[in-house]
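Asker: quick one: sequence and predicted model below, then my questions.
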Amino acid sequence: MGPADKLHPPWIEPNDKQVLAGFEHLDAIASKGGRNGWIAGTTTTSQADVTTAIAYTFASTVRPGLNLAGRFHPLSQLTRRCEALPAFLKAPVPSIPR
């Protein structure tokens, strides 16, 4: 998001790998479905679901080249489910100036 001359390319690749590894782990948990499909295995949403959805949406927004939706289908579904909840609808993600 910063100026191109401020980006440090040797940092980007390891950071992307770390982000993808974290989402890979969360996707594996989301793929198991838990009870009612929530990430913590609870019968209702938990802080784990909220935090996961926010992190996924943020990463998808600021790093579209990672193609998270194409890589992590269960996690994408969980995020859509969270974002359809009234609390999420009341606080939409602001657009990021480019």
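Answerer: That came through, no problem.

Asker: now the longest helix out of those in the chain: how far from the chain's centre is it?
Answerer: Taking DSSP state H as the assignment, the helix of the chain that covers the most residues is helix 9-32. For helix 9-32, the separation from the chain centroid amounts to 10 Å (computed by CA atoms, centre = their mean, to the nearest Å).

Asker: mind listing what's buried in the next helix-or-strand element following it?
Answerer: Note on helix 9-32: by DSSP states H and E, the next helix or strand toward the C-terminus is helix 47-62. Buried positions in helix 47-62, judged by neighbour count with 16 or more other CB atoms under 10 Å: 48, 49, 52, 53, 54, 55, 56, 57, 59, 60. The C-beta positions use only the backbone N, C-alpha and C, and glycine is treated the same way.

Asker: now for residue 63, how many residues are close by?
Answerer: As a burial measure, residue 63 scores 16 neighbours (other CB atoms under 10 Å).

Asker: can you check residue 24 too?
Answerer: Neighbour count of residue 24, defined by other CB under 10 Å: 12.

Asker: I'd like the numbering to begin with 39 instead of 1 from here.
Answerer: I'll keep to 39 as the first residue from here, and by that count the last item is residue 62.

Asker: ok, and the closest non-adjacent residue to it?
Answerer: What sits nearest to residue 62 in space, not counting adjacent residues and going by CB to CB, 6 or more residues apart in numbering, is residue 110, at 7.3 Å.

Asker: from residue 118, how far off is the one you found?
Answerer: Per CB to CB, to the nearest Å, residue 110 is found 12 Å from residue 118.
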